[in-house]
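Asks: Generate coordinates for the sequence data below:
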Amino acid sequence: MNKVIFNDLVLLCGRILTGALMLPHGLRKYNKVMEGDYSFADPLHIGEKASLICVAGTEFIGSILLIAGLFTRLSAGSLLFTMFVAGVIHHWSDPFGDKELPLLYIVVYAFFVVWGGGKYSADYLVQMTRQRRNK
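Replies: Sure thing, here's the model as predicted:
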């Protein structure tokens, strides 16, 4: 298999798996918002309601965008920031096990920030469409 094709397939599988694993976390928080339950951690001191809405939107919508490969770097960057706040700021004094998963997500999202969504992404389709229009 061609190395470039393999790399793009790895990015595709990574986006789908990572997004699918984060999506239930975002969905739970989205459901909390819809139920009017705004009790949530506030590590950035912007208010529990604002924190929950931001995290729910980022984890839910960001995961969907990551899976599709649309605005990949932006959605991965937003998710990376969310996991940084969770793993480094909110769980700073907690045992390592409580911050291990957010730290792992930080590493994975950093890859997508750097490499983007790859050839099998909506970003790539948009880019190719723009290039064809400009010819």
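Asks: Helix or strand: which one has the residue most central in space within the chain?
Replies: For the chain, the residue sitting closest to the mean C-alpha position, by Cα atoms, centre = their mean, is Leu79 at 3.6 Å. Using DSSP states H and E, Leu79 falls within helix 72-84.
Asks: repeat for Phe6
Replies: helix 3-35.
Asks: Hey, what's the angle from that helix to helix 72-84? Just curious.
Replies: Here helix 3-35 runs at an angle of 60 degrees relative to helix 72-84 (axes from the mean of the first three to the mean of the last three Cα atoms, to 10 degrees).
Asks: Give me the buried stretch members for helix 3-35, please.
Replies: Residues of helix 3-35 classed as buried: 8, 11-12, 14-15, 18-19, 22-23, 25-26, 29-30, 32-33 (neighbour count, 16 or more other Cβ atoms under 10 Å). C-beta coordinates here come from the backbone N, C-alpha and C atoms, glycine included.
Asks: What is the helix or strand following the helix holding Leu79 packed up against?
Replies: Counting by DSSP H and E, the next helix or strand C-terminal to helix 72-84 is helix 96-115. Helices and strands touching helix 96-115, by 3 or more Cβ pairs under 8 Å, 6 or more residues apart in numbering; DSSP states H and E, are helix 3-35, helix 72-84.
Asks: can you pull the buried residues of whichever helix or strand comes after the longest one?
Replies: Read that as helix 3-35. Later in the chain than helix 3-35, the nearest helix or strand by DSSP H and E is helix 48-68. For helix 48-68, a neighbour-count test (16+ other Cβ under 10 Å) marks 51-68 as buried.
Asks: returning to what we had before: ok now the helix holding Phe6, how far from the chain's centre?
Replies: Here helix 3-35 is found 7 Å from its chain centre; the criterion is Cα atoms, centre = their mean, to the nearest Å.
Asks: Likewise for stretch 68-77?
Replies: 7 Å.
Asks: buried sites along it?
Replies: For stretch 68-77, using 16+ other Cβ under 10 Å, the buried residues are Ala68, Gly69, Leu70, Phe71, Thr72, Ser75, Ala76, Gly77.
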